[in-house]
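Undergrad: just need the structure, nothing else, for what follows:
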Amino acid sequence: MRILSAIALGAASLLSGAAGAETIRIDVIDRQVVPPPILSNLIAAPDDLGLAGAALGLADIRTTGGFMGDDYQLTQTRVAPEAPFLAAMQALLAEGARLLVVKAPAEDLLALADLPEAADAVIFNIAVDHDALRGADCRANLLHTTPSLAMRADALAQFALKKRWTTIALLEGPNPEDAAFAEAIRRAAVKFGLTIAGARAWAFDADMRRVASEEIPAFTQDLPDHDLLFVADERGDFGRYIPYNSWVPRPVAGSEGIMALGFSGVVENWGAAQLQGRFRDLAGREMRATDFAAWAALASIGEVVTRTRDADPAAMRAFLLSDRFRLSGFLGTPLSFRDWDGQLRQPVPLVTDRAVVMTAPLEGFLHEFSELDTLGQDRPDTACTQFGENG
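TA: Below is the predicted model:
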């Protein structure tokens, strides 16, 4: 069952050609999932995660579009966990949807991208950080405005090397996403010359709230000496109990402590405070990384239409992947898309709950073309073959 909410009035199809007094359709899709069980109480993700970021993006691009004679129609589709996802997507594509901003699990994203009806669409992934979607499982019509696991892990590795915390230890949770993040950390350690002195798999299946101060010191006691303790706990099961409870006092990073995120409510420099203020006024909460990814997708569409006066999806994709595209993203340097895997290049803030510690790429990490390409899979290392030599 689809729940459709038209946020702005306009034509039912995306029009192509010169954008004069034109209505451009953008579809925001939220594939709802049943959250996995966790071992402790957490603040639930907001119901409008990503959707609020898209709404802010719409407001921003409509401001510019109003001066240019462009109008944007944002259609929101929420697909319930038990509802057939592809049927809902086929219905949207039949209506003329061609610019899709999607929050959905990886398997749904790939199934959508592989639909024959979506071959000429541009799909923005705003939530899934799997490296495979930028590698062997990439799709030419799928772009990513959320950082990959490799980008997050590389940002943390740069930070560790900058601090000269070159010997690390790793605690890995039991879930598939924990294993994926731990693997990204291992690759980043090799890439930046860090030594993983020891690693341990999380061995408890009980709530730690009462026994953390007893169990965690014993659990971490046998780890070899290390400068920094990485935690791979992407669901938030146990990582919160590691700081100040480990056997030896060491800083914590990864899924807890110092975290590498696409965006955070504590990011305030480079005009981000104004972005945050507008988002709080709209949503009544702080902006999260998925909200920023949705905002970036909408802002990218608006930038292309403004610059090229063309809303044809193929032309828009070509411009997005070209050297001419730049997006001001409130992170200190312009953002752009990699033409070999569709990933948005962006600085990655390294944050705690209360402050930005640093922003990667850090000073001194150089690259032949762009320092942003020191984060994540670079062109020579990519396993993606769908974009071609020139995207």
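
Undergrad: so what's residue 359 bridging to?
TA: Listed by DSSP bridges, the beta-bridge partners for residue 359 are residue 349.

Undergrad: what about the helices in this structure?
TA: 51-68, 85-95, 106-113, 149-162, 176-192, 212-220, 272-283, 289-308, 313-320 (DSSP state H).

Undergrad: make a markdown table out of the ones you listed and add mean pLDDT.
TA: Below are these laid out as a markdown table (pLDDT from 0 to 100):
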| stretch | mean pLDDT |
| --- | --- |
| helix 51-68 | 93 |
| helix 85-95 | 98 |
| helix 106-113 | 98 |
| helix 149-162 | 98 |
| helix 176-192 | 97 |
| helix 212-220 | 88 |
| helix 272-283 | 97 |
| helix 289-308 | 97 |
| helix 313-320 | 97 |
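
Undergrad: what's the closest of those to residue 259?
TA: Closest to residue 259 of the helices of the chain is helix 149-162 (Cβ to Cβ; 8.2 Å). For every residue, glycine as well, the C-beta is placed using N, CA and C.

Undergrad: tabulate the CA atom coordinates of that closest one in PDB.
TA: Output of helix 149-162 as PDB, limited to C-alpha atoms (Å, rounded to 0.1, in the frame of the first residue of the first chain):
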ATOM      1  CA  LEU A 149      31.800   2.600   5.000                       C
ATOM      2  CA  ALA A 150      35.200   3.000   3.400                       C
ATOM      3  CA  MET A 151      34.900   6.800   3.600                       C
ATOM      4  CA  ARG A 152      34.000   6.600   7.200                       C
ATOM      5  CA  ALA A 153      36.700   4.200   8.100                       C
ATOM      6  CA  ASP A 154      39.300   6.100   6.100                       C
ATOM      7  CA  ALA A 155      38.400   9.300   7.900                       C
ATOM      8  CA  LEU A 156      38.900   7.600  11.300                       C
ATOM      9  CA  ALA A 157      42.200   6.100  10.200                       C
ATOM     10  CA  GLN A 158      43.400   9.600   9.100                       C
ATOM     11  CA  PHE A 159      42.500  10.900  12.500                       C
ATOM     12  CA  ALA A 160      44.300   8.100  14.300                       C
ATOM     13  CA  LEU A 161      47.400   8.600  12.200                       C
ATOM     14  CA  LYS A 162      47.300  12.400  12.700                       C
END
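
Undergrad: what lies in contact with it?
TA: Here helix 149-162 makes contact (Cβ atoms under 8 Å, 6 or more residues apart in numbering) with 129-131, 134, 166, 168, 180-181, 184-185, 187-189, 191-194, 227-228, 230, 253-254, 258, 260-261, 343, 348, 350, 357-358, 360-362, 364-365, 374-377.

Undergrad: buried subset of these, written for PyMOL?
TA: Selecting the buried subset of these in PyMOL, with 16 or more other Cβ atoms under 10 Å as the burial test, is done by:
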select buried, resi 129+130+131+134+166+168+180+181+184+185+187+188+189+191+192+194+227+228+230+253+254+258+260+261+343+348+350+357+358+360+361+362+365+374+375+376+377
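
Undergrad: returning to what we had before: would you turn the helices of the chain into CSV with distance to residue 387?
TA: Shown next, in CSV, are the helices of the chain (distance: least, Cβ to Cβ, whole Å):
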stretch, distance to residue 387
helix 51-68, 25
helix 85-95, 22
helix 106-113, 13
helix 149-162, 17
helix 176-192, 21
helix 212-220, 43
helix 272-283, 30
helix 289-308, 17
helix 313-320, 10
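
Undergrad: let me know which of those helices is the nearest to residue 386.
TA: Checking the helices of the chain against residue 386 by Cβ to Cβ gives helix 106-113 as the closest, at 9.6 Å.

Undergrad: center of the chain - which residue?
TA: residue 146 (2.0 Å; Cα atoms, centre = their mean).

Undergrad: list the contacts of the closest residue to it other than its chain neighbours.
TA: The shortest distance from residue 146 to any non-neighbouring residue, by Cβ to Cβ, 6 or more residues apart in numbering, is to residue 293 (4.2 Å). Residues near residue 293 by Cβ under 8 Å, 6+ apart: 50, 53, 124, 126-127, 145-146, 262-263.

Undergrad: could you measure from residue 293 over to residue 147?
TA: 8 Å (Cβ to Cβ, to the nearest Å).

Undergrad: now do the shared contacts for these two.
TA: Joint contacts of residue 293 and residue 147 (Cβ under 8 Å, 6+ apart) are residue 262.

Undergrad: could you tell me which residues make contact with residue 201?
TA: By Cβ under 8 Å, 6+ apart, the contact set of residue 201 is 171-174.

Undergrad: at 6 Å instead, please
TA: Contacts for residue 201 (Cβ atoms under 6 Å, 6 or more residues apart in numbering) come out as residue 172.

Undergrad: what about it, distance to residue 313?
TA: Taking Cβ to Cβ, one finds residue 201 at 45 Å from residue 313.

Undergrad: so where is this structure shaky, pLDDT-wise?
TA: 1-21, 38-43, 205-210, 389-391 (pLDDT under 70).

Undergrad: what residue in this protein is the furthest from its centre?
TA: Largest separation from the mean C-alpha position in the chain: residue 214, at 35.6 Å (Cα atoms, centre = their mean).
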